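J.: Predicted structure and sequence below. I'll ask about it afterward.
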Amino acid sequence: MVVYIREDDPQSRQIQTVAEVLQTGGVIIYPTDTLYGLGCDIFQLKAIERICEIKDIEPSKAHLSFICNNLSDVKEYTRPIPNHLFRLLKEYLPGPYTFILPASKQVPKILKNKKNTIGVRIPNNNIARAIVKEMKRPILSTTLPGETNAEYEDPEMIYRHFEDVVELVVDGGPGVLILSTVIDCTGPEPVLIRQGLGEWIN
């Protein structure tokens, strides 16, 4: 199934359709401010396992992110954030950044790695944030499987390639082929792990 949603004006009925698919254990492909993402509800165990099968990865070793609507969502799934770090997040989010933070007890056990950290994102994309807001919990997200190629910019091509793999593709217009910038915030100072779309000056 394909759902067409305008990024500049997401309609509530369409957003509800996507949220219902996620809440009933479905896997979706949806737009962010970087690549289109492969996502599911963070509390749907079988959906998490399916994403890992699609990507051929283990949950505890996977580069999976929590897509959040705002910083209040982030705080619920991470340990207490110091004031200086909170100001940093507020400066860069929403935006094309993934911040690695210590995980809270709210994070499902299947998603906890040896370092007990998670990646969190607040994309500068109205569709992604509207879905999360409707669900009232984050989307577990990762990049599409295989090598990133020009087809991943086009939602119609994405649908043709993955229609038998996922329940729903959200067509939010053309995507981009650049990953997010990843910042590790688990140490004394933030450390750039991967330079992506977001400019990092710190």
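T.: Perfect, I can see it now.
J.: Would you map the strands across the chain?
T.: Per DSSP state E, the chain carries strands over the ranges 2-4, 28-30, 37-41, 65-67, 97-102, 117-121, 139-143, 168-171, 181-184, 191-194.
J.: right, and these - which one's nearest Ile57?
T.: Closest to Ile57 of these is strand 139-143 (CB to CB; 8.2 Å). C-beta: built from backbone N, CA, C; applies to glycine.
J.: tell me the angle the closest one makes with strand 37-41.
T.: On the basis of axes from the mean of the first three to the mean of the last three CA atoms, to 10 degrees, strand 139-143 is oriented at 160 degrees to strand 37-41.
J.: neighbouring contacts of stretch 175-187?
T.: Here stretch 175-187 makes contact (CB atoms under 8 Å, 6 or more residues apart in numbering) with 31-36, 85, 88, 96-102, 115, 117, 119, 121, 143, 148-150, 152-155, 190-200.
J.: so how far does that stretch reach from one end to the other?
T.: Chord length of stretch 175-187, first to last residue, is 33 Å (CA to CA, to the nearest Å).
J.: For it, buried residues please.
T.: Gly175, Leu179, Ser180, Thr181, Val182, Ile183, Asp184, Cys185 (16 or more other CB atoms under 10 Å).
J.: tell me which of the residues you listed is nearest to Asp41?
T.: Within the buried residues of stretch 175-187, the smallest distance to Asp41 is 20.8 Å, found for Ser180 (CB to CB).
J.: Distance check, the closest one against Glu53.
T.: Using CB to CB, to the nearest Å, Ser180 is found at 23 Å from Glu53.
J.: then stretch 129-146 to PDB, C-alphas only?
T.: In PDB, the C-alpha atoms belonging to stretch 129-146 read as follows (Å, rounded to 0.1, in the frame of the first residue of the first chain):
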ATOM      1  CA  ARG A 129       7.200  14.000  13.200                       C
ATOM      2  CA  ALA A 130       3.400  13.900  12.700                       C
ATOM      3  CA  ILE A 131       3.400  10.100  12.600                       C
ATOM      4  CA  VAL A 132       5.400  10.000  15.900                       C
ATOM      5  CA  LYS A 133       3.100  12.600  17.500                       C
ATOM      6  CA  GLU A 134       0.000  10.500  16.400                       C
ATOM      7  CA  MET A 135       1.600   7.300  17.800                       C
ATOM      8  CA  LYS A 136       2.600   8.900  21.100                       C
ATOM      9  CA  ARG A 137       5.900   7.000  20.900                       C
ATOM     10  CA  PRO A 138       9.000   6.900  18.700                       C
ATOM     11  CA  ILE A 139       9.500   5.100  15.400                       C
ATOM     12  CA  LEU A 140      12.400   2.600  15.400                       C
ATOM     13  CA  SER A 141      14.200   3.500  12.200                       C
ATOM     14  CA  THR A 142      17.100   2.400  10.000                       C
ATOM     15  CA  THR A 143      18.200   3.000   6.400                       C
ATOM     16  CA  LEU A 144      16.900   0.900   3.600                       C
ATOM     17  CA  PRO A 145      18.800  -2.400   2.900                       C
ATOM     18  CA  GLY A 146      21.400  -2.700   0.200                       C
END
